[in-house]
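A.B. asks: need a structure here:
(chains A and B)
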Number of protein chains: 2
Amino acid sequence: MSVTFVNCFEVPTGREDDFFARWQGVNAHMRNRPGYEEHHLYRSLAPDARFRFVNVARWTSPAAVAAAHDDEFRALVSGPDWAEVVSTPAVYEEIHHGAV
Amino acid sequence: MSVTFVNCFEVPTGREDDFFARWQGVNAHMRNRPGYEEHHLYRSLAPDARFRFVNVARWTSPAAVAAAHDDEFRALVSGPDWAEVVSTPAVYEEIHHGAV
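C.D. replies: Now for the predicted structure:
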């Protein structure tokens, strides 16, 4: 079952560029893990949006998402720069879709 | 500029089916508004995820998103059933994408 990983990030004002650079480092790891299919990183147009960044990524399975959050991942997101960021990761299934 | 509207929903446990039914009523309105392009509604696999549902929708412009949140929309999301739901809507631009 293909699944969608969604992570909403709260980032302190003025720290957006730093966050984006560090996120790209994590992303370079994740996209090379087995089961990664695709990702979109979104940044809010409004600078005061609660979730300044949202990552929406598709993986082949929940197990693939779990396996990618490995020791290397944990090392990448440790340290004081990451402690300032609030993240809300979870795995989702699509239950409704439409398009014009 | 095509933009992405993201809304994360906190829904009380046991109220998911009711929320989904009401959300579809709102969605039926939104997808007929000018500028709507596409949407995906996601539900978390874990029943205790903070955001039980996430809506990711593409629109032609920020102005189209704003115009769709009209009086009819506000009437649809009024009432006690909606008061129990916490939503976090915002408009985003894609700043990073990748795929295998």
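
A.B. asks: buried set for the host helix or strand of residue A:40?
C.D. replies: If you go by DSSP states H and E, residue A:40 is part of strand A:36-44. Using 16 or more other C-beta atoms under 10 Å in any protein chain shown as the test for burial, strand A:36-44 gives A:36-37, A:39-44. (C-beta placed from N, C-alpha, C; glycine too.)

A.B. asks: same check on stretch A:79-91?
C.D. replies: Neighbour counts over stretch A:79-91 (16+ other C-beta under 10 Å) mark A:85, A:88, A:90-91 as buried.

A.B. asks: now do the end-to-end distance for it.
C.D. replies: Stretch A:79-91 has an end-to-end distance of 25 Å (criterion: C-alpha to C-alpha, to the nearest Å).

A.B. asks: neighbouring contacts of that stretch?
C.D. replies: A:3-12, A:15, A:18-19, A:22, A:51, A:59, A:62, A:65, B:8, B:44-46, B:49-51 (C-beta atoms under 8 Å, 6 or more residues apart in numbering or on different chains).

A.B. asks: report the inter-axis angle for the lengthiest helix in chain A versus strand A:36-44.
C.D. replies: As assigned by DSSP state H, the longest helix anywhere in chain A is helix A:16-30. In terms of direction (axes from the mean of the first three to the mean of the last three C-alpha atoms, to 10 degrees), helix A:16-30 departs from strand A:36-44 by 170 degrees.

A.B. asks: next, see if helix A:16-30 gets close to chain B.
C.D. replies: Yes. Contact of helix A:16-30 with chain B (C-beta under 8 Å from any C-beta of the partner chain) involves A:20, A:23-24, A:27.

A.B. asks: over to stretch A:66-75?
C.D. replies: No. Judged by C-beta under 8 Å from any C-beta, stretch A:66-75 makes no contact with chain B; its nearest approach is 11.1 Å.

A.B. asks: show me which positions of that stretch end up buried.
C.D. replies: Applying 16+ other C-beta under 10 Å to stretch A:66-75 flags residue A:68 as buried.

A.B. asks: can you get me the start-to-end distance on it?
C.D. replies: Termini of stretch A:66-75 sit 15 Å apart (C-alpha to C-alpha).

A.B. asks: kindly report the same for stretch A:72-88.
C.D. replies: Chord length of stretch A:72-88, first to last residue, is 20 Å (C-alpha to C-alpha).

A.B. asks: rewinding a little: quick check on the residues of helix A:16-30 next to chain B: which are buried?
C.D. replies: By 16+ other C-beta under 10 Å, the residues of helix A:16-30 next to chain B give A:20, A:23, A:27 as buried.

A.B. asks: quick one: the second one and residue A:41 touch, right?
C.D. replies: Yes. Counting by C-beta atoms under 8 Å, residue A:23 touches residue A:41, with 6.9 Å between them.

A.B. asks: what is in contact with the two at once?
C.D. replies: A:53, A:55, B:96.

A.B. asks: in a markdown table: the buried ones among the residues of helix A:16-30 next to chain B, plus distance to residue B:79.
C.D. replies: As requested, these are exported to a markdown table (distance: C-beta to C-beta, whole Å):
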| residue | distance to residue B:79 |
| --- | --- |
| A:20 | 39 |
| A:23 | 39 |
| A:27 | 41 |
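
A.B. asks: having no further points to raise, I will conclude here.
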